[in-house]
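# Next input, structure requested:
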Amino acid sequence: MSPASRVGPTAASPAPPLDVDALLDDREVGIIVCCGSGGVGKTTTSAALALRAAERGRKVVVLTIDPARRLAQSMGIEALDNTPRPVTDVDTGAGGSLDAMMLDMKRTFDEVVESQASPEKAQQILDNPFYIALSSSFAGTQEYMAMEKLGQIHADSVAPGGDGRYDLIVVDTPPSRSALDFLDAPERLSSFLDGRFIRLMLAPARGPMKLMGAGFGLITNALTKILGAQVLRDLQTFVAAIDTVFGGFRARATKTYALLQARGTAFVVVAAPEPDALREAAYFVERLSGDQMPLAGMVVNRAAQAPAGDLDADEAASVAARLRRDDPGSVTAGLLRLHADRVRLVEREGQLRRGFATAHPQVATAVVPALPADVHDLEGLRRIGTLLADA
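All right, here's what the predicted structure looks like:
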C-alpha cells in the first residue's frame, strides 16, 4: 500500500486510526517526514518511529534539526553532527539498524559549495564574509539545508548506484515558527538569490556594461558611499561566485521537492491537543494536499487521560464545594477538584480533536497519552513507539 493510499476513507466517514506498524513495515516507504509546529514533540516522535522501525528490521537513519540536542541524549550518543552515528543497545534481532545525525547547517552549505565549484572557486566563496553570514544565519537556510541533507542521504543510500546503507530515512523537520517553512525555504532562498539587487550586482560579471551606462555607475557610487568600497567589492565577489553554483542549488531543490511528492515518502503531521497546534496541523494538512504530497496521518502527543471512576466534572465540583464549606482543609475536596479539572481537560481536548476530524476526516490519527516524565533514554522511546502503535 502506498503512502498516498493511507489517506483514508471518504469525507462522510470518521477518521481512521493511524496504523504505525503498517507504515514502518511498508518497504515502499523510504522516507518519513515528521512535521508540525514547534514544541509538539516532533523530535521524540521521529526518534521513537526510527527506533521502532529499526527493531522491526529496517535499516534506519534519523536526521534531526534540534538545538536542544535531546535526541542525542535519549539515544545514548555523546553528540550528534553531520555524520550518521550508530545507536547502540538497539535490538537488531530482526536485521535492522539505527543511525542518528544532527544537521550542521553551515557544514552542509559548505559541502554543497565544495561539490559544485572548483577548489579555488569554492575557497573564494567559503572565505567571503557575505557567504559566512548567509550560510550561518539567513532566514530559511536551516530549512533549505535540511532538504539538501535529505537529498544527499537518499542519493547515497537508496538511489541507483548508492551504497544501500539505509532503506528508511526519518526526518525531524526544523523547529520553525511555522511548519510550512520546511516546504517554503527553497523558494525563499531562490527568491533572495534571484532578486533584483542580486541581479544588479551580477551585471558586471554577466555582460557588457554599455547597456547599464551611467545609471549603474551612479548606483555603485551610492552603494560605495553607504557600504564602503571593500564591503561592496566583497558583496560583488560573493554574488559573482555564488552564481556559478546556484544553478545546482535550484536543480537539487527541485529534485528533492519531487522526492517529497513521490510514492516512497510519507508525511506524519505531529500536533498537540491545543488550538494553536491543531490549527497549524490543519494548515499543513491542507498544504500537503494542495502540493500532492503523501500524508500518512497525524500524531497527537501529550493527550490528557481520563481519571478513574464515573463521576463527571460537575458532580465532582459540586461535592468538592460542599465538603470545603464544612471543612475548608478537606483533602478529599481537593482531590475531587482535581478530578473535575482533569475530566474537563479531557472533554476539551476531545472536542478539539473531534473538530479537527470533522474538518479533515481523511486524516488517520494516533493519540499518544501524556507521560508522567520526559523521555530521556531508549527505553522511553520504545514506550512512545509502543503507544504510537497501540493508538
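
# What residues sit buried inside stretch 257-273?
By neighbour count on 16 or more other C-beta atoms under 10 Å, the buried set for stretch 257-273 is 257, 259-260, 264-273. To be clear about C-beta, it is placed using only N, CA and C from the backbone, and glycine gets the same treatment.

# What of stretch 304-319?
Going by 16+ other C-beta under 10 Å, stretch 304-319 has these buried residues: 304, 307, 311, 313, 316-317, 319.

# now the end-to-end length of that stretch.
End-to-end span of stretch 304-319 (C-alpha to C-alpha, to the nearest Å): 23 Å.

# What sits closest to G57 if chain neighbours are left out?
A94 (3.7 Å; C-beta to C-beta, 6 or more residues apart in numbering).

# and the one you found, that's in a strand?
No: if the criterion is DSSP: H, G, I helix; E, B strand; the rest coil, then A94 is coil and not within a strand.

# sorry, back to before: dump the buried residues of stretch 304-319 to a markdown table, plus secondary structure and pLDDT.
Below are the buried residues of stretch 304-319 laid out as a markdown table (DSSP: H, G, I helix; E, B strand; the rest coil; pLDDT from 0 to 100):
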| residue | secondary structure | pLDDT |
| --- | --- | --- |
| A304 | coil | 91 |
| P307 | coil | 82 |
| L311 | coil | 75 |
| A313 | helix | 72 |
| A316 | helix | 71 |
| A317 | helix | 75 |
| V319 | helix | 74 |
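
# what's the lowest-pLDDT member of the buried residues of stretch 257-273?
Lowest pLDDT of the buried residues of stretch 257-273: Y257, 81.

# Point me to the helix or strand that includes that one.
Element membership for Y257, per DSSP states H and E: helix 229-261.

# What's the first helix or strand after that helix?
Helix 229-261 is succeeded, C-terminally, by strand 265-271 (DSSP H and E).

# Going by neighbour count, which residues of the helix or strand just after that next one are buried?
Going down the chain from strand 265-271, the next helix or strand is helix 275-290, by DSSP H and E. Of the residues in helix 275-290, 277-278, 280-282, 284-285, 287-288 count as buried by neighbour count, 16+ other C-beta under 10 Å.

# Please tell me how far the residue nearest to G57 sits from L168.
As judged by C-beta to C-beta, to the nearest Å, A94 and L168 stand 13 Å apart.

# And D156, by the same measure?
D156 is 14 Å from L168, by C-beta to C-beta.

# if you count what's nearby, which of those two comes out ahead?
L168 (25 against 14; other C-beta atoms under 10 Å).

# Quick check: which ranges of the stretch 201-350 of the chain have low pLDDT?
Applying pLDDT under 70 to the stretch 201-350 of the chain picks out residues 201-250.

# how about the strands in the chain?
Counting by DSSP state E, residue ranges of the strands within the chain are 31-35, 59-64, 85-86, 97-102, 168-172, 265-271, 295-303, 365-369.

# Let me have these in TSV, adding distance to D327 as columns.
Below are these laid out as TSV (distance: least, C-beta to C-beta, whole Å):
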stretch	distance to D327
strand 31-35	50
strand 59-64	52
strand 85-86	59
strand 97-102	55
strand 168-172	51
strand 265-271	42
strand 295-303	34
strand 365-369	34
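
# Among the ones you listed, which comes closest to L378?
With C-beta to C-beta as the criterion, L378 lies closest to strand 97-102 of those, at 9.5 Å.

# orientation of that closest one relative to strand 168-172 in degrees?
Interaxial angle of strand 97-102 relative to strand 168-172 (axes from the mean of the first three to the mean of the last three C-alpha atoms, to 10 degrees): 30 degrees.

# If we go by neighbour counts, what in strand 97-102 is buried?
Buried-residue list, strand 97-102, by 16+ other C-beta under 10 Å: 97-102.

# How far away from the center of its chain is it?
Averaged C-alpha coordinates place strand 97-102 at 16 Å from its chain's average position (C-alpha atoms, centre = their mean, to the nearest Å).

# repeat for stretch 298-317
Its chain's average C-alpha position is 30 Å from that of stretch 298-317, according to C-alpha atoms, centre = their mean.

# ends of that stretch, how far apart?
34 Å.

# and what of stretch 281-300?
Span of stretch 281-300 from end to end, C-alpha to C-alpha: 10 Å.

# and if you look at stretch 52-59?
Using C-alpha to C-alpha, the two ends of stretch 52-59 sit 11 Å apart.

# Just the mean pLDDT for that stretch, thanks.
pLDDT averaged over stretch 52-59 gives 98.

# do the same with stretch 17-30
The average pLDDT within stretch 17-30 is 96.

# which residues are contacting that stretch?
Outside stretch 17-30, the residues within contact range by C-beta atoms under 8 Å, 6 or more residues apart in numbering are 1-3, 6, 32, 49, 52-53, 56-58, 154, 158, 167-169, 263-266, 268, 296-299, 364-366, 385, 388-389, 391.

# buried set for that stretch?
18-20, 23-24, 26, 29-30.

# Which one of these is nearest to A340?
Once C-beta to C-beta is applied, the member of these that ends up nearest A340 is L18, at 31.3 Å.

# Pull up the gap between P372 and A48, please.
Taken as C-beta to C-beta, the span from P372 to A48 is 17 Å.

# Poorly predicted segments of the stretch 1-150 of the chain, please.
Residue ranges of the stretch 1-150 of the chain with pLDDT under 70: 1-15, 66-70, 137-140.

# can you give me the helices for it?
Per DSSP state H, counting those that start in this stretch, the stretch 1-150 of the chain carries helices over the ranges 20-25, 42-55, 70-74, 105-116, 119-126, 129-137, 141-157.
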